[in-house]
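[1] missing the sequence, but the structure's below:
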């Protein structure tokens, strides 16, 4: 073989999977697994029960493309195998420690720097280009969260981890801190084998939830989830959840952070996933006064940008109302007349709560 000449591409399912695994790890992925482009009927049954109970709240897209979400080949009939990939975003410090600093806003670990969709998709596209060059008669599609893909069941089927009682993926190597992406391909790849459930009797994630969002183990009612309320919910936050939300202003890490499997996790090594200093413990008083231009500038390239200034300031005002800090009351009072009805309502509640007149 001449100098610099690449070896011939593998022709067996096992050989192809081994080559792809090595390339994916070299590109910066932390977990790689393979599964047939098929999911059992239990995935659709769980999704149907979730939708029938209305637990998706305002996330109507979950019902609109349920068939494609539950059946990979309904999304792309040519798919033969799925490559499930994970990138570790583990925090270097306990994300729950910030909950005691009531003048600061708690932003979910995953949203403290660059939008993970961009980072993971860039790596997936690099892997895709390599695969198409390697096996020129193959075809593929890449996905990161925004398409109707059952990411967590596929990741479990590919051996990356299992869906824990909090419904998120848990990895024996990375705990609850993995971003997921998928490659659907026409290549026949040797499956890794599904991961078993290792939750045992543990219920820490269920009891840690501030708003009792778990109807049962493995069954999340999104309408009660702080991540849903701060990100997906458009109107005023229901009063029954406001106090329990504390200073959480974008997402919630409680059920993830208490998982015992995190003891095996390491801090993220991808530079784009390292937390920005200004988003690690931001002051509520500074966030509340953001106008639309200021919001867009602060969160350029961040997943937070997609919820818009009004929903974000609504969340900040809810945290101000929970702060117990009377010096923040003028901040809330000033926003009572905000052009956004959702902001004005949250400002009035926060000001009255700090004055001791709101529940």
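    Nice, thanks for sending it over. No experiment lies behind these values; they were computed from the predicted model shown.
[2] any low-confidence regions in the stretch 1-150 of the chain?
    1-4 (pLDDT under 70).
[3] Can you show me the helices along it?
    In the stretch 1-150 of the chain, the helices defined using DSSP state H, counting those that start in this stretch lie at 13-26, 41-52, 61-64, 66-70, 72-75, 116-134.
[4] Identify whichever of those lies nearest to residue 297.
    Nearest to residue 297, of all these, is helix 116-134, at 17.9 Å by CB to CB. Every residue, glycine included, has its C-beta placed from N, CA and C.
[5] which helices and strands does the closest one pack with?
    helix 13-26, strand 81-88, strand 140-143, strand 178-185 (3 or more CB pairs under 8 Å, 6 or more residues apart in numbering; DSSP states H and E).
[6] what's the longest one packed up against?
    Looking back up the chat, that one is helix 13-26. So helix 13-26, by 3+ CB pairs under 8 Å, 6+ apart, packs with strand 31-36, strand 81-88, helix 116-134.
[7] winner for burial among these?
    Comparing those by mean neighbour count (mean count of other CB atoms under 10 Å), strand 81-88 ranks first with a mean of 26.
[8] Pairing partners for that strand, with directions?
    If you go by DSSP bridges, strand 81-88 pairs up with strand 31-36 (antiparallel), strand 178-185 (antiparallel).
[9] any chance of the ones you listed in JSON lines, with distance to residue 318 too?
    JSON lines is the format used below for the strands paired with strand 81-88 (distance: least, CB to CB, whole Å):
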{"stretch": "strand 31-36", "distance to residue 318": "35"}
{"stretch": "strand 178-185", "distance to residue 318": "27"}
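[10] among those, which is nearest residue 220?
    Between these, strand 178-185 lies closest to residue 220; by CB to CB that is 16.7 Å.
[11] Could you export the helices and strands packed on helix 116-134 as TSV, including distance to residue 229?
    What follows is these, written out as TSV (distance: least, CB to CB, whole Å):
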stretch	distance to residue 229
helix 13-26	35
strand 81-88	26
strand 140-143	26
strand 178-185	22
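[12] domains of this structure?
    As given by automatic domain parsing, the domain ranges for the chain are 1-92+113-221, 222-354.
[13] can you give me how far the longest one is from the chain middle?
    Same thing as domain 1-92+113-221. The chain centroid and the centroid of domain 1-92+113-221 are separated by 13 Å, computed with CA atoms, centre = their mean, to the nearest Å.
[14] what do you get for the shortest one?
    For domain 222-354, the distance from its own C-alpha centre to the chain's C-alpha centre is 16 Å (CA atoms, centre = their mean).
[15] just stretch 102-122 next, same as before
    From the chain centre to the centre of stretch 102-122 is a distance of 9 Å (CA atoms, centre = their mean).
[16] if we can go back for a sec, out of the domains of the chain, nearest to residue 99?
    When the domains of the chain are compared by CB to CB, domain 222-354 sits nearest residue 99, at 5.7 Å.
[17] For that closest one, measure first residue to last.
    28 Å (CA to CA, to the nearest Å).
[18] Same check on stretch 107-121?
    Its start and end residues considered, stretch 107-121 measures 23 Å (CA to CA).
[19] what about the helices in the stretch 151-300 of the chain?
    Using DSSP H, counting those that start in this stretch, helices in the stretch 151-300 of the chain cover 151-157, 204-208, 226-231, 239-242, 254-257, 277-280, 284-288, 292-298.
[20] any chance of these in CSV, with mean neighbour count, mean pLDDT and distance to residue 82 too?
    Converted to CSV, the helices of the stretch 151-300 of the chain look like this (neighbours: other CB atoms under 10 Å; pLDDT from 0 to 100; distance: least, CB to CB, whole Å):
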stretch, mean neighbour count, mean pLDDT, distance to residue 82
helix 151-157, 24, 97, 5
helix 204-208, 18, 98, 26
helix 226-231, 23, 98, 26
helix 239-242, 16, 98, 36
helix 254-257, 24, 98, 24
helix 277-280, 14, 94, 33
helix 284-288, 21, 98, 40
helix 292-298, 14, 97, 36
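[21] Include distance to residue 328 when you put these into JSON lines, please.
    Formatted as JSON lines, those follow (distance: least, CB to CB, whole Å):
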{"stretch": "helix 151-157", "distance to residue 328": "38"}
{"stretch": "helix 204-208", "distance to residue 328": "27"}
{"stretch": "helix 226-231", "distance to residue 328": "19"}
{"stretch": "helix 239-242", "distance to residue 328": "15"}
{"stretch": "helix 254-257", "distance to residue 328": "23"}
{"stretch": "helix 277-280", "distance to residue 328": "19"}
{"stretch": "helix 284-288", "distance to residue 328": "6"}
{"stretch": "helix 292-298", "distance to residue 328": "18"}
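[22] Many thanks, have a good one.
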